[in-house]
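Visitor: dropping a prediction and its sequence here:
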Amino acid sequence: MSDPRIAIIEKRFEDVGRVIAVTSGKGGVGKSMVATALALSLARMGHRVGLLDLDFTSPSTHVIMGVEGLYPEEDYGIVPPLAHGLRYMSIVHYSAEEPAPLRGEDVSNAIIELLAITRWQELDYLIIDMPPGIGDATLDTIRLIPRIEFIVVTTPSRVAYESVKRLLLLLNDLKKPVIGVLENMVMEPSGYVKSEVESLCLTYMGAIDYDEKLEETIGSPDRLMKTSFSKQLRKLVQGL
Amino acid sequence: MHEWALTEGVIATATRFAEQNGLTEVTEVVVMVGELQQVEHEVLQFAFQQLKIPLFKNAEFVLRPQPAKFKCRNCGHEWSFTSEGMTEEVSEAIHFVPEMAHVYIKCSECGSPDFEVVEGRGVWLVTIKGVKGHE
C-alpha cells in the first residue's frame, strides 16, 4: 500500500518562491514570535507572504496576530484564508481552542495531510513556524517540503544553545541549507553564541535585545511591528 | 472539493509507479477509502475521470471502503467510528485533517482522547494493474 499524499506535496509548492522555516531545538526562545514578525515584515515590504504554523500541539501564531474564527476555503483542496495580509494556515482553523493531544505519528500524519491539500496561491515567501524538537514531525517536514531553508533561533543561554547545536548538526547531516542563527532575548551581550555558531562554519545573523514591551503587543500586529524587537529583526533579515 | 486534491495525489503516485515499472497502460487502480475521513466516493470517481491522463485512458478506478476502528491506549476499549450526533463543523474538521478525531472524539468507556486509529483513517493506494511495454 502506498500513501498517495506524498507525491503531490512538491506540486503544492510550485508557485511558492522561498520557503523559510523558523526553528529551534529548544522551546521558549521566541521561535513563533520571530516567524510571525518576519512574515508580517515581509508582507509590509510589499511581498506576497504565507505563514504556516506547524507547531500543532502548541500553536501560537494566531494568538500573536490576534486571529480567530478564520476558515480555509475549499477549492480543489483548501486555500488558506488571509490574516493581516498573510495567507495563513494553522491547525487552529480546525481545532479552535480545544487541545490537540496528538502523538508523534499523528502530528506527522496531520502535517502530511495539510501539506498535500493546501493550495498556496502565488507567494514570494512562505514562512513556517516549525514543530518543536527533532522528532517525527520535524523530520517529516524537513524531508517533504521542497527547497526548505532554515533560520534557527536561540537565546544566549548555554542550555538553549546546546539543544540548538544538536539541531544545527542534524540539519548539516541532512544537507539542508541554514540561512543563519538568530540570537533572541539578549540582555547582556557575551559573544558565546556567535563564536559557537561560527565554529560550525555557519552564519551568525545577529542579536535581538530582550524587549520587555513585547508581551503588551500580543494580539496586535500593528503594535508588534513598532517594537524594537521587530525593528531589530528587520535589520537582521534585510538581505533575504 | 477536497477530494480533488486527494485524487491528484493518487494519480501522481500511480503515474510514478507506472513509469518506474515500465507500464504503458494502467488498467486498474484500487484505492482504500477510510471511513474516518468521510470522503464522498462519487466525488473521488468524478475527480479521477476528470484528472486522468492518457496513461489511465481505460483504467478502472476501484474504491474500497474501510470502516474506521479505534482502540483506547488508556483502557484498551475498542469501538467503531460513527458520525451520528457530530456537528457539521466537527465533521468537516475531521474530513480535512482526520487527526482532529483526537480533538473531538473520546473513548466511549473511559473518556480518554489518547486512542489509536487502528484502521480506516484516510485514502490509500492499494494496487495498480497495467500492461508492460515491449522491451
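Guide: In hand now; what should we look at?
Visitor: could you pick out the longest helix of chain A?
Guide: helix A:158-173 (DSSP state H).
Visitor: in it, what's buried?
Guide: By neighbour count with 16 or more other C-beta atoms under 10 Å in any protein chain shown, helix A:158-173 contains the buried residues A:160-161, A:163-165, A:167-168, A:171. Quick note: C-beta positions are derived from backbone N, CA and C, even for glycine.
Visitor: pull out the buried positions in the longest strand seen in chain B.
Guide: If you go by DSSP state E, chain B has its longest strand at strand B:23-34. Across strand B:23-34, burial judged by 16+ other C-beta under 10 Å covers B:23, B:25-26, B:29-34.
Visitor: relative to strand B:23-34, how tilted is the helix or strand following that strand?
Guide: Per DSSP states H and E, the first helix or strand lying C-terminal to strand B:23-34 is helix B:41-51. On the basis of axes from the mean of the first three to the mean of the last three C-alpha atoms, to 10 degrees, helix B:41-51 is oriented at 160 degrees to strand B:23-34.
Visitor: and the contacts of the longest helix of chain A?
Guide: Around helix A:158-173, the neighbours that count as contacts under C-beta atoms under 8 Å, 6 or more residues apart in numbering or on different chains are A:23-26, A:28-29, A:134, A:142, A:150, A:152-155, A:178, A:181, A:192-193, A:196-197, A:200, A:202.
Visitor: I'd like to know which of those residues are buried.
Guide: For the contacts of helix A:158-173, buried by 16+ other C-beta under 10 Å: A:23-26, A:29, A:134, A:142, A:150, A:152-155, A:178, A:181, A:193, A:196-197, A:202.
Visitor: show me these that map onto helices.
Guide: A:142, A:193, A:196-197.
Visitor: hmm, the longest strand of chain B in reach of chain A?
Guide: Yes: if you take C-beta under 8 Å from any C-beta of the partner chain as the test, strand B:23-34 does meet chain A, through B:31-32.
Visitor: need the residues of chain B near chain A, please.
Guide: Within chain B, the residues that sit near chain A (C-beta under 8 Å from any C-beta) are B:1-2, B:4-6, B:8-10, B:12-14, B:16-17, B:31-32, B:92-93, B:96-100, B:102-104, B:113-114, B:121-126.
Visitor: I'd like the buried residues of helix A:158-173 laid out as JSON lines, including pLDDT.
Guide: Output for those, formatted as JSON lines (pLDDT from 0 to 100):
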{"residue": "A:A160", "pLDDT": "95"}
{"residue": "A:Y161", "pLDDT": "96"}
{"residue": "A:S163", "pLDDT": "94"}
{"residue": "A:V164", "pLDDT": "96"}
{"residue": "A:K165", "pLDDT": "97"}
{"residue": "A:L167", "pLDDT": "96"}
{"residue": "A:L168", "pLDDT": "97"}
{"residue": "A:L171", "pLDDT": "96"}
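Visitor: which residues touch residue 41?
Guide: Picked chain A for this. A:S41 sits next to A:225, A:230, A:233-234, A:237 when contact means C-beta under 8 Å, 6+ apart.
Visitor: hm, I was asking about chain B
Guide: B:H41 touches B:33, B:63, B:65, counting by C-beta under 8 Å, 6+ apart.
Visitor: what's the closest of the residues you listed to chain A?
Guide: B:V33 (11.1 Å; C-beta to the nearest C-beta).
Visitor: so that closest one bridges to which residues?
Guide: On the basis of DSSP bridges, B:V33 is bridged to B:P65, B:V123.
Visitor: got a list of what it touches?
Guide: Neighbouring residues of B:V33 by C-beta under 8 Å, 6+ apart: B:39, B:41, B:44, B:63-66, B:123.
Visitor: go with 10 Å
Guide: With C-beta atoms under 10 Å, 6 or more residues apart in numbering or on different chains as the criterion, the residues that contact B:V33 are B:3, B:6, B:39-41, B:44, B:63-66, B:120, B:122-124.
Visitor: using ChimeraX, define a selection of the buried residues within the residues you listed.
Guide: Only the buried members of the contacts of B:V33 enter the following ChimeraX selection, criterion being 16+ other C-beta under 10 Å:
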select /B:3,6,39,44,63,66,120,122,123,124
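Visitor: nearest to A:V19 among the contacts of B:V33?
Guide: Comparing the contacts of B:V33 against A:V19 with C-beta to C-beta places B:L6 closest, at 22.7 Å.
Visitor: and the closest one, what helix or strand is that in?
Guide: Using DSSP H and E, B:L6 maps to helix B:2-20.
Visitor: check A:Q232 too.
Guide: Element membership for A:Q232, per DSSP H and E: helix A:228-236.
Visitor: what lies in contact with that helix?
Guide: Residues outside helix A:228-236 that contact it (C-beta under 10 Å, 6+ apart): A:30, A:33-34, A:36-38, A:40-42, A:44-45, A:151, A:180, A:182-186, A:205-214, A:217, A:221, A:223-225, A:227.
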